Structures are given as C-alpha cells and as structure tokens.
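Visitor: could you look at this predicted model? Sequence included:
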Amino acid sequence: MQFRQQALSKLQSPEELDVPVRYARPQGLLVLAVTLVVMAAASVWAVTGSVTSTLRAPGILTYGQGSYVLQSPVTGQVTRVLAEEGDRLAAGDPVLNVRTQQGDKVVRAIAAGRVSALVARIGTVVTTGADVATLERVARTGDPLVAMLYVPADSAATVPVGAAVDLTVQSVPTEEYGTLRGRVKAIGRATQSRQRITGFLGDKELAGQFTRSGPPVAVLVQLEKSGTKSGLAWSAAGGPPFALDSMTPANGALHLAEQRPIDWLLP
C-alpha cells in the first residue's frame, strides 16, 4: 500500500509537467535510419536481383570422338617404336615393330588418331591381344578441342544447354592465366559406367576417378574461341602462350540458371 500511495501522489503532482519528454537519443535515430536504408536496399535487391548457383564437376579436354586401344596382333618382342605420344597418325601408319618366330611384323594404327599413351617399349614382350598403345580418334587436323565433364547423376537435370562454364585446366596455372571459357553444348541422357568411360577415354584410372561417387552423366562443353595464342578464350586477357593438348584433366564450374531471391521469400 505504501508504494501505491507514493505512485498516486507522484502522478497527482504537477511539479514535472513542464519537463520535455525525450523520445529517442541521437544515436538511436542514427541506428534507426541505417536500419531503414538497409531494409530498403534489401527489398529492392529481392525484387530486381538474382543469385547464380554453381555446380562443379571433373572432366577432361578431348576431341569428343573417343579413343581406342591398339592391341598387338602377334606374339613377340618389340624391336622398334615408330611413334611417340602426341603424334597424329593416319589409318595404317606404323606404330611398333615386333620380332616373331615368323619374322618382323609391324603393328599399325587401325584408325586415324592422336597417340595419347604408349604402353609397349623397346624390349617389351607382347602377346597376341596385348594392349600396346591408346589412340584418340581425330578425323581431321582442324577438329576443335572440347571438354567432357562428368556431372553427378542427381545434379545433371539442373544443367541447362548453353550454360556458361569456367574450366580450370591442370596444365595451366590459374593464378597467372585464369580459367578457360566454354558453354554447355549437350547433356547425356543416361549415366556412364566405368567400363563405358574407359572405352571412350581409353584410360581406366581416369574412369575410376570420374565414377568414384557413382555413375555420372556426361556433359559436352564447347570451348569459346579467341585470338589468343592458344586459340581459346580465357578469363585473363591473353591466356597461356601455348596450345592445349587433348586428354588434359580439367575441373569445370557450371553456372546454372539465375534465380530471383523473391522466389525464396514468398510461398
């Protein structure tokens, strides 16, 4: 009761009626103004802005026509190696000389292509059907280099044709020359098994890397051309001062369709 009487007496006392009431301090007004500005900017961005999501996937630079494994048609010892890795061969060009009991035999390329790997060396004993080389199929000298990315199957549906792609190439220092530019040209309809990727690339180890998290979907990326020394477009002005080789590993960052943030805020 004592506190109640004191409160009532204070309300009835007119001695502080002429004291001005302070609604807010200057610091509080500043904080309020900043908050209103931030909220207004966020509202404008929510309506007009957009967010681009990125999907990353491993891949390789290739001519897009696959590879084949050259096998020895005879049993014997390799006496000469007539081609080197990186050489382009026409169909029927010699690759190896093999000494057999019936005399020297020449192992020739089955189809035109670029030698991406040589297994047999001078002195190697090969048997009939043994792998001696891997050749990447190249129909014409001017065939363009492309990138083949292997995207996880559960994310492939989000990749649109025409999406921009930035490629980090293993043989090119990114800090100095930037990333390689490209766009999605085609998306596979079915997942790729390890055996199928091995048959296409002619490399079991790469196929194992690309299928480590399950069978992926192949995405073909067309590389953008430019007047640089490599003939391709890069995020840096000039790019590297050399041409790129096929069968070079690369990692791709696929820029998916832009989405409005307002779509996430409203039901």
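Guide: Received it, and whenever you're ready, just let me know what you need. Numbers count the residues shown, from 1 in each chain.
Visitor: and the strands in this structure?
Guide: Taking DSSP state E as the test, the strands found in the chain are 51-62, 67-71, 76-81, 88-89, 94-100, 103-108, 113-118, 125-126, 131-137, 146-152, 164-169, 180-191, 216-223, 249-259.
Visitor: may I have the strands that pair with the first one, each with its orientation?
Guide: Read that as strand 51-62. Strand 51-62 has the following strand partners under DSSP bridges: strand 146-152 (antiparallel), strand 249-259 (antiparallel).
Visitor: which other residues reach the first one?
Guide: Just to be clear, that refers to strand 146-152. By Cβ atoms under 8 Å, 6 or more residues apart in numbering, the surrounding residues in contact with strand 146-152 are 55, 57-64, 159, 165, 167, 180, 182, 185, 192, 197, 210-211, 213-214, 216-223, 250, 252, 254. No exception for glycine: its C-beta is placed from N, CA and C like everyone else's.
Visitor: drop anything exposed from those.
Guide: Buried members of these, scored by 16 or more other Cβ atoms under 10 Å, are 55, 57-64, 159, 165, 167, 180, 182, 185, 192, 197, 210-211, 216-223, 250, 252, 254.
Visitor: please report how far the closest residue in space to Ala83 that isn't next to it in sequence lies from Leu206.
Guide: Distance criterion Cβ to Cβ, 6 or more residues apart in numbering; nearest residue to Ala83, sequence neighbours excluded, is Val95 at 4.9 Å. Here Val95 is placed at a distance of 22 Å from Leu206 (Cβ to Cβ, to the nearest Å).
Visitor: correct me if wrong: Asp131 contacts Ser67.
Guide: No: the pair Asp131 / Ser67 is not scored as a contact, 11.9 Å apart, by Cβ atoms under 8 Å.
Visitor: more neighbours: which of these two?
Guide: The neighbour comparison of Asp131 against Ser67 (other Cβ atoms under 10 Å) goes to Ser67, with 24 against 14.
Visitor: out of everything not next to it in sequence, what's closest to the more buried one?
Guide: Distances taken as Cβ to Cβ, 6+ apart place Gly202 nearest to Ser67, at 3.5 Å, with adjacent residues excluded.
Visitor: for the one you found, list the residues it contacts.
Guide: Listed by Cβ under 8 Å, 6+ apart, the contact partners of Gly202 are Gly66, Ser67, Tyr68, Val69, Ser116, Ala117, Thr134, Leu135, Glu136.
Visitor: mind pulling up the phi and psi values for it?
Guide: The phi/psi pair for Gly202 (degrees, to the nearest 10) reads phi 70, psi 30.
Visitor: looking at this protein, which helix or strand does the model trust least?
Guide: Every helix and strand in the chain was compared by mean pLDDT, DSSP states H and E; the lowest is helix 262-265, with a mean of 46.
Visitor: great, nothing more from me.
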